[in-house]
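Colleague: coordinates only, no sequence provided:
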């Protein structure tokens, strides 16, 4: 069985924090590959200005070009309306029966997981890898994971991950204020954003 990590999100834009988390998950759990899966229109970001699907996919491809085990899937672009993780995972499991999928999430998402769309169904069919953060008590994270295991049979493991003060929203804010985004995104993505005057 192939072990595939899934990095979902808007990637608006993709940044070095995303890439480092993917790399740490790949190493820590001996995954065969990581798939970056940009979403078309997440249900929880209906009021957020989002760059076009083509632009976000371009930036992901630039960021992962030198990593043979990093890939991109535009599966969620092909679906109409709001996108939910459970729908994506059911489609993947139906299509790729020889794979085990590991959905990679941040520490904050662990405490929201129970409120995701069809959360009980999702936790029955999906392995979760959760990034730990310095400011989040590992004891509280372990307690939350155990709660979800007991209640839903969830399969949850942790990825040791340093706190990084990088977020897509902050990058967009810095672009709007015409401040530097060097070292926050890959150099080619920074050049692409500047050339197209994105988020300004």
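Modeller: Everything's here; your move. From a predicted model like this one, the values you see are computed outputs, not experimental measurements.

Colleague: okay, buried residues for stretch 129-138 please.
Modeller: Taking 16 or more other C-beta atoms under 10 Å as the neighbour-count basis, stretch 129-138 is seen to contain the buried residues 129, 130, 131, 132, 133, 136. Placement of C-beta: from N, CA and C, glycine included.

Colleague: before we move on, what about stretch 68-76?
Modeller: For stretch 68-76, burial by neighbour count (16+ other C-beta under 10 Å) applies to 70, 72, 73, 75, 76.

Colleague: contacts made by it with the rest, please.
Modeller: With contact meaning C-beta atoms under 8 Å, 6 or more residues apart in numbering, stretch 68-76 is reached by 8, 22, 26, 31-40, 53, 57, 60-61, 64, 83, 88, 91-92.

Colleague: so how far does that stretch reach from one end to the other?
Modeller: By C-alpha to C-alpha, to the nearest Å, the extent of stretch 68-76 from end to end equals 22 Å.

Colleague: quick check: mean pLDDT across that stretch?
Modeller: In this model, stretch 68-76 has a mean pLDDT of 96.

Colleague: how about the contacts made by residue 12?
Modeller: 48, 50, 51, 56, 168, 172.

Colleague: again, only using 6 Å
Modeller: For residue 12, the contact set (C-beta atoms under 6 Å, 6 or more residues apart in numbering) comprises 50, 51, 168.

Colleague: after the lowest-mean-pLDDT helix or strand in the chain, next one along is what?
Modeller: The helix or strand of the chain with the poorest confidence is helix 107-110; it has a mean of 90 (mean pLDDT, DSSP states H and E). Where DSSP states H and E defines the elements, the next helix or strand beyond helix 107-110 is helix 119-125.

Colleague: list the helices and strands that following helix packs on?
Modeller: On a contact count with 3 or more C-beta pairs under 6 Å, 6 or more residues apart in numbering; DSSP states H and E, helix 119-125 meets helix 85-95.

Colleague: after the helix it packs on, next one along is what?
Modeller: Downstream of helix 85-95, the first helix or strand assigned by DSSP H and E is strand 99-105.

Colleague: what does that following strand contact?
Modeller: Taking C-beta under 6 Å, 6+ apart as the rule, strand 99-105 contacts 1-7, 25, 92, 126-130.

Colleague: the one helix or strand residue 36 maps to packs against which elements?
Modeller: Here residue 36, judged by DSSP H and E, is contained in strand 33-38. The contact analysis (3+ C-beta pairs under 6 Å, 6+ apart) places strand 33-38 against strand 2-9, strand 70-72.

Colleague: now the longest one, how far from the centre of its chain.
Modeller: If you compare the mean C-alpha spot of strand 2-9 with that of the full chain, they lie 8 Å apart, counting by C-alpha atoms, centre = their mean, to the nearest Å.
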